[in-house]
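Undergrad: Give the three-dimensional model of this entry:
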Amino acid sequence: MTSYDKLFIGGHWVTPAGSEVIEVRSPHDQSLVGTVPHATPADVEAAVAAARDAFDNGPWPRLTPEERQETVKRFQELYSDRSAEMAALITAENGSPIAITTGLNVHGLPEQTAAYLRAAENLQWEEPLASGALLRREAVGVVAAVIPWNAPHQSALAKMVPALLAGATVVLKASPETAVDALALAEVFAEAGFPEGVVSVLPAGRETSEYLVAHPDVDKIAFTGSTAAGRKIASLAGEQLKRVSLELGGKSAVIVLEDADPAAVAEGLRFHSLGNNAENCQAHTRILAPRSRYEEVVEAVRTMMESLTVGDPSDPATFIGPMVRADQQERVRSYIELGIAEGARLVTGGPQVPEGLEGGFYVTPTLFADVDNSMRIAREEIFGPVLVVIPFDDEDDAVRIANDSDYGLGGGVWSADRERALAVARRVRTGLMLVNGAMPAFDGPFGGFKASGVGREFGAVGLNQYIEHKTIAA
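TA: Here you go, the predicted structure:
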C-alpha cells in the first residue's frame, strides 16, 4: 500500500487544506491500493496562485526554448527509470491489464514525449514575416489539465509536456480512481527540477474540478473525459473566453471491406476494439461488415473474443481485467441487457459476471450481431468490452453508416487493397483512421470531430494548442 499525506502544490509538498482522504481500492478484489489527500477548492486557490505568479513573474516562461526542453528531457529520463513501477501501480488502481500499462508507460510515453520535443526543437518561436513584422509564439499562460482514470499518465503528459515546453505553468487535476499514481508522478516532477510554481498535482473529484476550470486566473483548460462533462467545461470556458481543448467520447466504426481477411481483422480488433478493457474512447466498437461475408466476420470476431483471458489484471496473460468501479460494471452489463431487449443477436458473452470473478468488477466480453445502427448499443458509448457487428450493402453504405454517429474520434478500414482502404478512410468524418490495424503515430494530431471534442493532442499540432501567436510590427 502507498500513502501520501501531502499534496504537490507549486513544486512543494504541502499539507492539504482539508481533512478528507481518498481511498483507492483495487477493482479486482477491493484491496486497499493507497490513500491520498482529497484536494479542496482552497488547495486549488493555492495551486493556481503559485502557477499565476510563476507565469507572470518567474523564470520558466522566460527561459530559452532549449532550456525548457532540457528540463523536460530530464523529467522523461527520470520517469523512464520508474515506468515499470508506475505501470504496476496504475494496474492496481484501475484494473488495466499489466501488459497494456507496461506497453503504454514503458514504451509509448517516451515516444509521445519525444514527438513533442521534436516539435519544440523544430518550431520557430520568433520569425520575420514578409511584411517586416515579427511573428512571436508565446505560452498560453496558466493551464488546468483535467484527466480521466483509464490511461492517467498518458493523458496527463499529453497535456503537461506541450504546455511546459511552450512555457506555460500547469495545475493537474487527477481522477480519484487513480489518485495514488498522480502523486507518484508528482515525485518525478519534483526530482526533475522545474522552478517553483510551475507544476501542481491535485487528486480530487468533480466539485474541485469545477472550481479549477472556472477559476479566473486559469487561461487554458485541457480536458479528457466524457462528452457530457466536456460540454459543461466548454460552456464555462465560453463564459470567460478561456482557451479550451477537449478530448471526449467516441463510438468508432471499423469498415471491413469484402476483400479483407476476417481472421486478420479479428486479430487486429483484439487490441483496437478491446485493448485496455475497451475502456478506451477511440475503441472500434462498431464493426461494419459486408453482407456477402457477414457471418464470416461475426464468426472470426466471436472466436477471438472467446479466446481472451479475463481475470487478474496483474497477470501478464490477462487481456481483459475488471471495470474500474462497481457502477461502471453495472452500466456495461445494463447495455448488454439493453442489446438483448433491442433484438440484437447475442453471439457470445452476456450480462453474467465471469465465473470465479464475482469478487471483482468484471464483465463478460460480449458480441452482438444483426445490429442496426439506430440501436442504442450502436450509438451510445458503453466504455466496456461490448462489440456490435452491423451489415452494409456496399462501400457507400458503409461510409454512410460510419458517419451516422454523434461522435467522430476514431475508426478504421480493412482491405487487401491499401489504396482502396485509404480512399475510404478519407471519407469518414473522424479525427483518426487506422488502415489494416496500423498503430497511431505520436507525431500526428489526435482528437475528434463532432461530439468527440475540440482541439488536438500530440506532435506539432498538439504543441500549438498551448501557444498564443503575437504579431509585432515596427
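Undergrad: hey, let's count contacts and neighbours off CA atoms from now on
TA: Noted.
Undergrad: can you give me the helices in the stretch 301-450 of the chain?
TA: Per DSSP state H, counting those that start in this stretch, the stretch 301-450 of the chain carries helices over the ranges 326-342, 376-379, 395-403, 418-427.
Undergrad: tell me which element residue 254 is part of?
TA: For residue 254, the host element (DSSP states H and E) is strand 252-256.
Undergrad: if we look at that strand, which residues are touching it?
TA: With contact meaning CA atoms under 8 Å, 6 or more residues apart in numbering, strand 252-256 is reached by 265, 282-290, 398-399, 402, 407-415.
Undergrad: May I have the helix or strand just after it exported as PDB, CA atoms only?
TA: For strand 252-256, the succeeding helix or strand toward the C-terminus, using DSSP H and E, is helix 262-274. In PDB, the C-alpha atoms belonging to helix 262-274 read as follows (Å, rounded to 0.1, in the frame of the first residue of the first chain):
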ATOM      1  CA  PRO A 262     -11.700 -11.900 -41.400                       C
ATOM      2  CA  ALA A 263      -9.200 -13.700 -39.300                       C
ATOM      3  CA  ALA A 264      -6.600 -10.900 -39.700                       C
ATOM      4  CA  VAL A 265      -9.400  -8.400 -38.900                       C
ATOM      5  CA  ALA A 266     -10.400 -10.200 -35.800                       C
ATOM      6  CA  GLU A 267      -6.800 -10.300 -34.600                       C
ATOM      7  CA  GLY A 268      -6.300  -6.600 -35.200                       C
ATOM      8  CA  LEU A 269      -9.600  -5.800 -33.300                       C
ATOM      9  CA  ARG A 270      -8.300  -7.700 -30.300                       C
ATOM     10  CA  PHE A 271      -6.300  -4.500 -29.400                       C
ATOM     11  CA  HIS A 272      -8.100  -1.800 -31.300                       C
ATOM     12  CA  SER A 273     -11.600  -2.800 -30.100                       C
ATOM     13  CA  LEU A 274     -10.900  -4.400 -26.700                       C
END
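Undergrad: List the ones among the contacts of strand 252-256 that fall in strands.
TA: Judged by DSSP state E, strands contain the following of the contacts of strand 252-256: 284-290, 407-408, 411-414.
Undergrad: Turn the buried ones among these into a named ChimeraX selection, would you?
TA: Remark: buried members of these, expressed as a ChimeraX selection using 16 or more other CA atoms under 10 Å:
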select :284,285,286,287,288,289,290,407,408,411,412,413,414
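Undergrad: Residue 232: how many residues sit nearby?
TA: Counted with other CA atoms under 10 Å, residues neighbouring residue 232 total 12.
Undergrad: Would you verify that it is located in a strand?
TA: No - Residue 232: not assigned to a strand; according to DSSP: H, G, I helix; E, B strand; the rest coil it is helix.
Undergrad: and it, what pLDDT?
TA: Here the pLDDT value assigned to residue 232 is 94.
Undergrad: same question, residue 1
TA: With respect to pLDDT, residue 1 has a value of 89.
Undergrad: before we move on, what about residue 209?
TA: Looking at residue 209, its pLDDT stands at 95.
Undergrad: which phi and psi does it have?
TA: With angles defined as degrees, to the nearest 10, residue 209 shows backbone torsions of phi -60, psi -50.
Undergrad: To what extent is the nearest residue to it once chain neighbours are set aside buried, counted in neighbours?
TA: Among residues not flanking residue 209 along the chain, residue 173 sits closest, at 6.7 Å (CA to CA, 6 or more residues apart in numbering). The number of residues packed near residue 173 is 28, by other CA under 10 Å.
Undergrad: For the helix or strand hosting residue 173, which helices and strands make contact with it?
TA: Using DSSP H and E, residue 173 sits in strand 169-174. Applying 3 or more CA pairs under 8 Å, 6 or more residues apart in numbering; DSSP states H and E, one finds that strand 169-174 contacts helix 41-57, strand 142-146, helix 152-166, strand 199-203.
Undergrad: Format the ones you listed as TSV; extra columns: distance to residue 258 and mean pLDDT.
TA: Formatted as TSV, these follow (distance: least, CA to CA, whole Å; pLDDT from 0 to 100):
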stretch	distance to residue 258	mean pLDDT
helix 41-57	54	98
strand 142-146	42	98
helix 152-166	36	98
strand 199-203	48	98
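Undergrad: ok, back up a step: which one among the ones in strands among the contacts of strand 252-256 gets closest to residue 204?
TA: Closest approach to residue 204 among the ones in strands among the contacts of strand 252-256 (CA to CA): residue 407, at 28.0 Å.
Undergrad: who's in contact with the closest one?
TA: Going by CA under 8 Å, 6+ apart, residue 407 touches 249, 250, 251, 252, 430, 448, 449, 450, 451, 452.
Undergrad: and the residue nearest to the third one when sequence neighbours are not counted, what pLDDT?
TA: The spatial neighbour of residue 251 that comes closest, neighbours along the chain excluded (CA to CA, 6+ apart), is residue 381 at 5.6 Å. We note a pLDDT of 98 for residue 381 in this prediction.
Undergrad: Pretty sure residue 381 sits against residue 250.
TA: Yes - counting by CA atoms under 8 Å, residue 250 is a contact partner of residue 381 at 6.3 Å.
Undergrad: Count the residues that sit near residue 357.
TA: Counted by other CA under 10 Å, the residues lying close to residue 357 total 16.
Undergrad: Now it: closest residue in space that isn't a chain neighbour?
TA: Nearest to residue 357 is residue 311, by CA to CA, 6+ apart, at 7.0 Å.
Undergrad: Next: residue 291.
TA: Among residues not flanking residue 291 along the chain, residue 391 sits closest, at 5.5 Å (CA to CA, 6+ apart).
Undergrad: ok, the one you found - contacts?
TA: Counting by CA under 8 Å, 6+ apart, residue 391 has contacts 288, 289, 290, 291, 294, 370, 371, 372.
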